[in-house]
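A.B. asks: sequence unknown, structure follows:
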């Protein structure tokens, strides 16, 4: 039972918003001729590409599927070495292991919590040319990584780039040419990925998207998403008729259904308003906590505010305190190299001290567009009492 039901307790760290328009969009899909394999997925892809500013978008069944499709399209093979930040969800790096590749890590910049690009450059410079095949750059918490610099570094060392933009749809940054670049728009990364998990900016239940400006990679993604099957290219055997299809490569069933796409289309219509609300919530938090003994996130123009992460001393006690007051904060993330599976690969505690120091103190406060004023005030008052009383 909530301590105060009028506040709609408990308060999660993130949650989806489902409107009547969302419900009607899904119902229309259910009433239509296609539950999957229909036109709604294509419409969603085109609308999402327009929103992000990319030439192509390929919808799929999850953000994890999107990552795996990227590793397949880039033809990651056994023995390939790929660099990533240890501060991310395990799916970001697992996609390389699926293909028999190897993951290496670059520690974070404590101010941005993003991969430290000076350390990235140093690591690549110290390795033989060709030692690393690719870079997975993560827009953590909605803070855009400078993809123009990642591209400049990658080109010098012959690396491809996947931009993990799951936290940053609508986010942007100013590149070296003073152009505002949307996260995941394909201006610098070979491929970018997004997730439509319920706590993300756009919810489809489960779902993901890959964006790119490369037509060759786009065609590969389309085939790989659907068992490697095509109907209209390089026919290897005689044409049997209108039902003809051929399997060109070994692919997967990573399709998104029309039902999910219908919900995604409806959610996408609220992209600008949702981002504006997240920004408003972040500004209120920043002002409310500026005098408290905590480290606040670095906020730069273009931040997408998927998460509002603070760093505190005695994090475990603070976490329990918030839970006792029905504030369901979360920790993002346990470093990838702490995971037992990755430790079996040779990683250990102490390998990335900056990420580990962040992890020991980080905690994510509630951040989602439907967080009410009374709920946010309750979070603020509860946090302040912990530090001041």
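C.D. replies: Sure, I can see it. Predicted model, so just to flag it, every value in this text is computed and none were measured.
A.B. asks: ok, for the residue nearest the centre of the chain, nearest residue in space, not its chain neighbours?
C.D. replies: In the chain, the residue lying closest to the centroid (CA atoms, centre = their mean) is residue 166, at 1.5 Å. Of all residues not flanking residue 166 in the chain, residue 195 sits nearest, at 4.1 Å (CB to CB, 6 or more residues apart in numbering). Using the backbone N, CA and C atoms, a C-beta is placed for each residue, glycine as well.
A.B. asks: Show me what that neighbour is bridged to.
C.D. replies: On the basis of DSSP bridges, residue 195 is bridged to residue 208.
A.B. asks: ok, now how distant is it from residue 105?
C.D. replies: To residue 105, residue 195 is 21 Å away according to CB to CB, to the nearest Å.
A.B. asks: Pick out whichever of these two has more residues nearby.
C.D. replies: Neighbour count, other CB atoms under 10 Å: between residue 195 and residue 105, residue 195 has more, with 29 against 23.
A.B. asks: That one contacts residue 59, correct?
C.D. replies: No - look at residue 195 against residue 59 with CB atoms under 8 Å: they stay out of range, at 11.7 Å.
A.B. asks: roughly how far apart are the residue nearest to residue 166 and residue 139?
C.D. replies: For residue 195 relative to residue 139 (CB to CB), the value is 12 Å.
A.B. asks: gap between stretch 352-370 and the chain center?
C.D. replies: 15 Å (CA atoms, centre = their mean, to the nearest Å).
A.B. asks: Okay, now that stretch: how far is its last residue from its first?
C.D. replies: 36 Å (CA to CA, to the nearest Å).
A.B. asks: what about the protein, any weak spots by pLDDT?
C.D. replies: Judged by pLDDT under 70, the chain has its weakly predicted residues at 1-6, 233-239.
A.B. asks: So which residues make contact with the longest helix belonging to it?
C.D. replies: Using DSSP state H, we find that the single longest helix of the chain is helix 271-289. Around helix 271-289, the neighbours that count as contacts under CB atoms under 8 Å, 6 or more residues apart in numbering are 17, 51, 142, 169-170, 201-202, 296-297, 299, 303-306, 308, 310, 365, 367-369, 371, 376, 380, 383-384.
A.B. asks: Quick check on the residues you listed: which are buried?
C.D. replies: Among the contacts of helix 271-289, those classed as buried by 16 or more other CB atoms under 10 Å are 51, 142, 169-170, 201-202, 297, 299, 303-306, 308, 310, 365, 367-369, 371, 376, 380, 383.
A.B. asks: shared neighbours of residue 195 and residue 139, anything?
C.D. replies: With CB under 8 Å, 6+ apart, residue 195 and residue 139 have common neighbours residue 166.
A.B. asks: if we can go back for a sec, from memory the residue nearest to the centre of the chain sits against residue 64, does it?
C.D. replies: No - here residue 166 lies out of contact with residue 64, judged by CB under 8 Å, at a distance of 9.9 Å.
A.B. asks: Count residues in the vicinity of residue 209, would you?
C.D. replies: Close neighbours of residue 209, defined as other CB under 10 Å, add up to 29.
A.B. asks: how many neighbours does the nearest residue to it once chain neighbours are set aside have?
C.D. replies: Spatially, and ignoring its direct neighbours in sequence, residue 209 is nearest to residue 194 (4.5 Å; CB to CB, 6+ apart). Look at residue 194: counted by other CB under 10 Å, it has 27 neighbours.
A.B. asks: Wait, residue 194 touches residue 65, no?
C.D. replies: No - assessed by CB under 8 Å, residue 194 is found out of contact with residue 65, at 11.5 Å.
A.B. asks: joint contacts of the two?
C.D. replies: What both residue 194 and residue 65 touch, as defined by CB under 8 Å, 6+ apart, is the set residue 208.
A.B. asks: Name the surrounding residues that touch stretch 112-127.
C.D. replies: Against stretch 112-127 from outside (CB under 8 Å, 6+ apart): 83-85, 87, 104, 106-109, 132, 135, 137-141, 143, 145-146, 149-150, 153, 156-157, 159, 297-298, 309, 354, 358.
A.B. asks: Name the next helix or strand following the strand or helix carrying residue 124 along the chain.
C.D. replies: When secondary structure is defined using DSSP states H and E, the element that contains residue 124 is helix 117-126. Note on helix 117-126: by DSSP H and E, the next helix or strand toward the C-terminus is strand 134-138.
A.B. asks: Packing partners of that next one?
C.D. replies: strand 81-84, helix 91-97, helix 147-157, strand 160-164 (3 or more CB pairs under 8 Å, 6 or more residues apart in numbering; DSSP states H and E).
A.B. asks: and residue 374, that's in a strand?
C.D. replies: No - assigned with DSSP: H, G, I helix; E, B strand; the rest coil, residue 374 falls outside any strand and is helix.
A.B. asks: Help me confirm that it comes into contact with residue 7.
C.D. replies: Yes - Residue 374 lies in contact with residue 7 (CB under 8 Å); the separation is 5.6 Å.
A.B. asks: more neighbours, these two?
C.D. replies: For residue 374 versus residue 7, neighbours defined as other CB under 10 Å are more numerous around residue 7 (16 against 12).
A.B. asks: gap between the more buried one and residue 378?
C.D. replies: Counting by CB to CB - residue 7 and residue 378 are separated by 5 Å.
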